[in-house]
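Trainee: Based on what follows, work out the 3D shape:
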Amino acid sequence: MSAEIVLYSPAFEEALAGAKAFAGASKADRTIQVYRGAFDAFRAWCGTAGIAKPLPATAEATAAYLSHLAASGRKASTIDLHVAAIACAHRAAGYETPTSCEIVRTTVKGIRRRLGTKATRKAPATADALKRMLRKIPDTLVGKRDRALLLIGFAAALRRSELVALHVEDLERTDEGVLVHITRSKTDQEGAGHVVAVPAGSRLRPVQALDAWLDAAAITEGPVFRPLGKGGRVIAAALATGSVAQIVKDRAAAAGLDPKLFSGHSLRAGFVTSALEAGADLLKVMDVTRHREVGTLKVYDRRAQAFRNHAGKGFL
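Mentor: Reported below is the predicted structural model:
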């Protein structure tokens, strides 16, 4: 008896294609890009190791690849990313993922124990560090941009991706400052949106710096932070995410700080650390940072409170 052939209508096929497209959009573009790069690396290794089929991959091949990464000096967090990428590629193709097999899970566990899982944290650009950077920024067009970028990134505790995605249309002016509308972020991939208040301020004055840059660059719509071309020409496109980290590092170096200690995340971390050092209410801090769990801020709180009421204060 021959197998029954099932024919679907064009309308069904179209709807199914749409469903697959929506499934593909379930992860952020950046995540998809990173996963694709990690799986391409796995595919290339399989070729050199004489493994014909990286998809579907055997559990033994996957475990061997992870061992190879560890032997090559990769961090545990990087290896975790490759595990996630391999699992994602298999699920997307409709295969059972080899990463759930015992040999892979025990290999990962052994790697994590051997290498350790401590994250390498960059220094926060606190209010004091920021003041040092600002003092060394010249009053040029690029200086106005960098000053505004540092201050808005700090005051609104923005991620690099949020900073470069910021448009003039996302800025709502009020008597007390600016309301920054964040349409999409790392923790809001479905676009529910967040609003963060940036006070005009009396010391760092972030809103004043923002207006100075927008006026000097004649930006009235579109991306707020943009690259500059030859002759100081303002490019219409938004800055690249990597440029944020470079600007922070360059301004740290100009202020006599070690640029290797800073990154694009330093602005966001700097706001949290400075707020907690100043005794700000934890929930108020979360209003700005949009953290969902109080526990996430504990690492910043430990740093901010490290020497306050220290156990050895009375005798050291």
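Trainee: remind me which residues of this structure are low pLDDT?
Mentor: Applying pLDDT under 70 to the chain flags residues 1-30, 117-121, 184-193, 295-316.
Trainee: any chance you could map the helices in it?
Mentor: For the chain, applying DSSP state H gives helices covering 10-24, 29-48, 59-71, 76-92, 102-115, 127-135, 141-155, 160-165, 206-217, 241-254, 266-277, 282-289, 298-304.
Trainee: quick one: which of the ones you listed is nearest Val180?
Mentor: Nearest to Val180 among these is helix 141-155 (7.6 Å), distances taken as Cβ to Cβ. Quick note: C-beta positions are derived from backbone N, CA and C, even for glycine.
Trainee: list the buried ones in the closest one?
Mentor: Within helix 141-155, the residues that count as buried by 16 or more other Cβ atoms under 10 Å are 143-155.
Trainee: what's the answer for stretch 38-45, then?
Mentor: Neighbour count says stretch 38-45 has Ala38, Phe39, Phe42, Trp45 buried, by 16+ other Cβ under 10 Å.
Trainee: Check stretch 243-260 too.
Mentor: Using 16+ other Cβ under 10 Å as the test for burial, stretch 243-260 gives Ser243, Val244, Ala245, Ile247, Val248, Lys249, Arg251, Ala252, Ala254, Ala255, Leu257, Pro259.
Trainee: which one among the buried residues of stretch 38-45 gets closest to Ala217?
Mentor: Comparing the buried residues of stretch 38-45 against Ala217 with Cβ to Cβ places Ala38 closest, at 37.8 Å.
Trainee: I'd say that closest one and Leu81 touch.
Mentor: Yes - using Cβ atoms under 8 Å, Ala38 is in contact with Leu81, at 5.8 Å.
Trainee: How many residues are close by Glu169?
Mentor: Using other Cβ atoms under 10 Å, Glu169 has 11 neighbouring residues.
Trainee: which residues sit in contact with the closest residue to it other than its chain neighbours?
Mentor: Leaving aside its sequence neighbours, Glu169 sits nearest to Glu221 (Cβ to Cβ, 6 or more residues apart in numbering; 6.6 Å). Each residue near Glu221 by Cβ atoms under 8 Å, 6 or more residues apart in numbering is listed here: His167, Val168, Glu169.
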